[in-house]
Structure formats: C-alpha cells, structure tokens
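**Student:** Build me a structure from this.
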Amino acid sequence: MMRIKLGRLRIMRTKALLLFLLVCGFSGQAQEWDFGTWHKLQVKGALTKKLSLSIEQQLRLNSNSSSVDETFTELGLNYDLPKGFEVGAAYRLAWSPNKVGYYDNQHRYNIDASYGRKIWNLKTKFRARFQHRPSQSLFNERLKPEDSPIFVRLKLSVSYDKLKDWKPGIEFETFIRTDNPNEVGAKRFRYKIFLDYNLPKRQELGLFYMLQTNYSGKTPEFQNIVGVSYSYEWKRPKKKKKDK
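**Tutor:** Just a heads-up that it's a prediction; the model follows:
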C-alpha cells in the first residue's frame, strides 16, 4: 500500500512540474519584450511670478534601442494656483516612421491639472492629464481618417529633497483610453525610478529607469526604458526700479 501511494505521489509531482513548465513556456511566448532609450533636452523658466514656459526636444529609440520610435518638439505653459494647485497645457509636434519607413507628422495636445504637497522630507505630486492626438486627415484632406486616441492619464510621483544636490524618486502612471469602446479601463502602466542631480547655474541632469506595460492588443507588451535628460532654467529678470 505504501509503494502504491508513493508511486501516485511521484506521478502527481511529475504532472504538476510538466504543467508548471507548460504555463511558463506559454506565458513567455505570449509576451513581447523590448528595450528602449529616451533622450531629452529642455529649457524652462518663469515668464511672470506665476506663469512659466518650457520647451523640450526628445528622441525615443525602440527595437532594443536600434531604431527611432519617435522624435518630437513640445511647447508647454504652466500656471501656479494657490495652495499647491497648478494647471498647464502643451502642444507637441512629433515625427515617427510609418510602415514604409517615411516620417509622418503627428500633432498632440494635452491639458493638465496637478496638486503638490510636501510631507516630512518627501515631495508628492498628483497629476491628471487629458491628452488627444488628432488624426492626420484633420490637417490634410487627402489622407484617410485614422486612429485618433484620447487618453486620461493619472500620475503620482514621490521624491526625496534632503540630499543637497541629489533628488531620488519614484513615479507611477496609468493610461485610460476614453474614445474606443473596445478598450475600456486602464490598458497602459508606467513604473519609474529616477535620480536628478543639480548642476551650477540652474542646470540639471537626470537619469531614470522605467517599465512600461501595454495590454491594449492581443499580446501584452513590456518595455524596459532607460532615459537621460538635461535641462536649463533661465532666471526671470527683475523689474528695474523707477527713479523717483
């Protein structure tokens, strides 16, 4: 009787191991992984006491960082409100390769509302963004209407500000598409860790790692992204005092 039980136990273990290997193999084949790098240059500064302007240029590479995914120029405005609130808007002109290999122009705009607060030595910020990329047919009547996604993006960031020139932090962001009934709910997520370093004369270097997941297609997509950035902030000129 003991031999029969041991034999059945071995068979059950073998079946469980085969099932585990089968599931692992299936999950590995049912996912697409990629590695990309993002490069950003930014110039920003205050226009008035509450209004600020930013201009940035980005280059994003995919396919194991061997081909251009997108490059764009973005112009943004932000306005400070009382008690940590802020509103902003931005316009982006992007160029990305199509299926033939030529670069197409893409327009995008977004409207933001954010709230920031300092808790202990941590600086927290929550941002809600409305984002729309119009179809190219809107700007060129000869083109056929195509995908024109509208997203609501929610992002929470936490950074530590008590390391003198260094600022480490983490971010989480989710994308909720609102124009396509076939994609209800959050389909894209970003998990990010970053480290910024303050340079002299209002300059800053940044480095981050981000995991981006996309569940909008039949096969889930996962992308590891490493990014570097450089920014310069100009100093708002002081008003000259009038001679009395």
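**Student:** Can you show me the CA trace of stretch 54-62 as PDB?
**Tutor:** Taking Å, rounded to 0.1, in the frame of the first residue of the first chain, the C-alpha atoms of stretch 54-62 are listed here in PDB:
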ATOM      1  CA  SER A  54       9.100  75.100 -21.200                       C
ATOM      2  CA  ILE A  55      10.500  73.900 -24.500                       C
ATOM      3  CA  GLU A  56      11.800  70.400 -24.900                       C
ATOM      4  CA  GLN A  57      13.200  68.100 -27.600                       C
ATOM      5  CA  GLN A  58      13.100  64.400 -27.200                       C
ATOM      6  CA  LEU A  59      14.400  61.400 -29.100                       C
ATOM      7  CA  ARG A  60      13.000  57.900 -28.300                       C
ATOM      8  CA  LEU A  61      14.500  54.700 -29.600                       C
ATOM      9  CA  ASN A  62      12.900  51.200 -29.600                       C
END
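**Student:** what ranges do the helices span in this structure?
**Tutor:** 2-29 (DSSP state H).
**Student:** Tell me who's in contact with R188.
**Tutor:** For R188, the contact set (Cβ atoms under 8 Å, 6 or more residues apart in numbering) comprises T174, F175, Q212, T213, N214, Y215, S216. All C-beta atoms are positioned from the backbone trio N, CA, C, and that covers glycine.
**Student:** what does the model give it for pLDDT?
**Tutor:** Reported pLDDT at R188 in the predicted model: 94.
**Student:** and F130, what is it in contact with?
**Tutor:** With contact taken as Cβ under 8 Å, 6+ apart, F130 is in contact with N110, I111, D112, I150, F151, V152.
**Student:** ditto for G45
**Tutor:** With contacts defined as Cβ under 8 Å, 6+ apart, G45 is in contact with S52, L53, E233, W234, K235, R236.
**Student:** Tell me the spacing between it and W234.
**Tutor:** Separation of G45 from W234 (Cβ to Cβ, to the nearest Å): 4 Å.
**Student:** the bottom helix or strand of this protein by mean pLDDT?
**Tutor:** The least trusted helix or strand in the chain, going by mean pLDDT, DSSP states H and E, turns out to be helix 2-29, with a mean of 47.
**Student:** Excluding chain neighbours, give the residue nearest to the residue nearest the centre of the chain in space.
**Tutor:** Closest residue to the average C-alpha location of the chain: R190 at 6.2 Å, with Cα atoms, centre = their mean. Ranked by Cβ to Cβ, 6 or more residues apart in numbering and with sequence neighbours excluded, the top spatial neighbour of R190 is E173, at 4.3 Å.
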